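A.B. asks: Generate coordinates for the sequence data below:
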Amino acid sequence: MKTLYFDCFSGISGDMVIGALIDAGADPSFMEEELKKLIIEEEYKLQWKKVIKNGITGTKFDVILTEQNSHHHDHSHSHDHHHSHRSYKEIAGMIEAAGFNEPVTAMSLAIFKKIGEAEGRIHSIPLEDVHFHEVGAVDSIIDIIGAAILIDQLSVQSIQSSAITAGTGRIRIAHGIYPVPAPATLEILKGVPIAGTDIRAELATPTGAAIAAVLADTFGPLPSMTVEAIGYGAGTKTFKEHPNVLRVMIGES
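C.D. replies: You can find the predicted model right below:
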């Protein structure tokens, strides 16, 4: 059975998932083409490149928001402002209208729902009214749907994951200074094993946590498998003691 294993020793984020899948051999150009079905490509550019993190070469994936999306343009474009505050309902509608492969649509909707429900519970808002601004709407849309496209393209039959290293300490978010894991991330990881660490940083993001929580059938050590492809997805941060990468393994189990 073709198995994909997420090794989250340094956490997991949406961009790390995509970087790792590209690094393991999934096709980023195919993903870029598929994402055009959302009809928002004027809002972003995608970039992927090899980087070295503490001696390990991995792939860094970035969503770069275009001017179209920034808050600094003149008022003749003010109708664009809502782009950075899309509601769950609007995003679900976009995904359903795009005409992706059925598994891509199903995976994307389930991951967004997981995040939306978590945010809704924390802020006491019904799912339909949850807005995606904290996680960066366009970033999340690309990371989540992009990951689903690449996983579908790899045609894996089983997805498994290690326990999720989430980090510790404090972070500043829109609402003030919060503990790590941030409330939304912790809510998303309910029922998923979280690995303790003394690394004072946010290692798992809501998007990364939701991808793992929704897609992985089981969480634990590496299953017995013959590894055929390995990918390292680089995170934004760099740490002294270990490479900040997400490792994926694909093979037969």
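
A.B. asks: where are the low-confidence patches of the chain?
C.D. replies: 68-84, 133-136 (pLDDT under 70).

A.B. asks: how far away is residue 181 from residue 236?
C.D. replies: 17 Å (Cβ to Cβ, to the nearest Å). All C-beta atoms are positioned from the backbone trio N, CA, C, and that covers glycine.

A.B. asks: can you check residue 2 too?
C.D. replies: 30 Å.

A.B. asks: Just the helices from the stretch 1-150 of the chain, written as ranges.
C.D. replies: For the stretch 1-150 of the chain, applying DSSP state H, counting those that start in this stretch gives helices covering 14-23, 28-35, 88-98, 102-123, 137-154.

A.B. asks: can you list contacts of the shortest one?
C.D. replies: Residues outside helix 28-35 that contact it (Cβ atoms under 8 Å, 6 or more residues apart in numbering): 18, 22, 41, 46, 48, 61, 100, 104, 142, 145-146, 149-150, 153.

A.B. asks: from the residues you listed, which is closest to residue 90?
C.D. replies: residue 145 (14.0 Å; Cβ to Cβ).

A.B. asks: Next, count neighbours for that closest one.
C.D. replies: Per other Cβ atoms under 10 Å, the neighbour tally for residue 145 reads 28.

A.B. asks: Test my guess that it contacts residue 38.
C.D. replies: Yes - counting by Cβ atoms under 8 Å, residue 145 sits close enough to residue 38 to count as a contact (7.1 Å).

A.B. asks: Mind listing the shared neighbours of those two?
C.D. replies: Joint contacts of residue 145 and residue 38 (Cβ under 8 Å, 6+ apart) are residue 95.
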